[in-house]
Structure formats: C-alpha cells, structure tokens
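Chemist: Any chance you can model this:
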Amino acid sequence: MPSGQMLGQEYVKKFDSYLQEGRDLPLSGQDGTLNLAELSRITGIPKNSFYQNLPLKERLTAALEQRGVARRSETTSISEEPKSDDAEESAFQRGRRSFERRIHILEQQLAVVIGENTSLRSENKMLRLQLGREDMMIETGRRVLWGDSL
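Modeler: Just a heads-up that it's a prediction; the model follows:
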C-alpha cells in the first residue's frame, strides 16, 4: 500500500498530465469560478488533496493564474486553511460517532453475556446441590430430604 507522501506525488503527476493535455479547468456556471468538485471528479484526485497537498495546491494556483480563472470568494477559497480544519473536524466527528456506535453495540453484547453468565451460575449451583443429594442417597441408601420437609 502506498504511503501518503507517495500518493500525494501521484496526484501531482496526475494533475500535471491533465494540464499538459491542454484541458480547460471546469468552471462554475453561476459565477465562472473554479468548480473544484468537478475537477476532482474529472482527475480522480480527492478534493481535500487540493487543500492539503502543498505542491498540488501550488500547481492549481499557477494554473488558475495562467488561465485567468477567478477563485471563489475568500470564505470559500481553496487556499484557506480552515476548510482543511473543517474537513479534519468532520472526519474526526464521523470517526467518533463510529466508535460510539461500536461501544454501544459492545455494551449491549456485554449485558447479554452477563445475564447468561448469571443464569448459568444459578443453574450450576442447583445442579451441584442435586448431585450432592444423589451422592448421599447412594452412600447411605436412604432418601435425603432437604428444606422444610425434615
């Protein structure tokens, strides 16, 4: 499995070959700015790589400047760092929810096992008492009564 760094270099090569083919950068129909989601789909490069992979980010910036393509407003600019923080936070939250679901499932399974264990201990105790009575009957040859019937 390739490392993150190797994968990042592969994405840079993919983007370079896309640019060398002379293909246009996809634009948003509304405001004529870069449509990063479409670029990601066309190139097969994950959208977050355009935020986090510095060489890829620099090549995209250069391509935008060279082609005269405008960026989105500063609040949605691909060079803005909080977007990657939001993506990380979102990934963190998804991971946390996944772990919480797993913990909940394990707690339910544990409760079932504890209930079964309690039941089996009780059954084991009753069977030992019964076995003890049968052993006494065999040894003495007399019927052994337990409890209130003495």
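Chemist: helix or strand right after the one helix or strand S17 maps to?
Modeler: In this assignment (DSSP states H and E), S17 forms part of helix 4-20. Later in the chain than helix 4-20, the nearest helix or strand by DSSP H and E is helix 36-43.
Chemist: Could you export that next one as CSV, CA atoms only?
Modeler: C-alpha atoms of helix 36-43 as CSV (Å, rounded to 0.1, in the frame of the first residue of the first chain):
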residue,chain,number,x,y,z
LEU,A,36,-13.2,22.1,-7.6
ALA,A,37,-15.7,19.3,-7.1
GLU,A,38,-15.9,18.7,-10.9
LEU,A,39,-12.1,19.0,-11.2
SER,A,40,-11.8,16.3,-8.5
ARG,A,41,-14.2,14.1,-10.4
ILE,A,42,-12.5,14.5,-13.7
THR,A,43,-9.0,14.0,-12.5
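Chemist: Which strands or helices does that helix pack on?
Modeler: Of the remaining helices and strands, those touching helix 36-43 by 3 or more C-beta pairs under 8 Å, 6 or more residues apart in numbering; DSSP states H and E are helix 4-20, helix 47-52. Every C-beta, even on glycine, is put in place using the N, C-alpha and C of the backbone.
Chemist: Check the spacing between the residue nearest to the spatial centre of the chain and R101 real quick.
Modeler: Central residue of the chain (C-alpha atoms, centre = their mean): G95, 4.5 Å from the mean position. G95 is 11 Å from R101, where distance means C-beta to C-beta, to the nearest Å.
Chemist: Check G29 too.
Modeler: 39 Å.
Chemist: Could you do S40 as well?
Modeler: 29 Å.
Chemist: more neighbours, those two?
Modeler: Between S40 and R101, counted using other C-beta atoms under 10 Å, S40 has the larger neighbour count: 16 against 10.
Chemist: List the contacts of that one.
Modeler: Listed by C-beta atoms under 8 Å, 6 or more residues apart in numbering, the contact set of S40 reads 46-47, 50.
Chemist: Separate out the buried members of these.
Modeler: F50 (16 or more other C-beta atoms under 10 Å).
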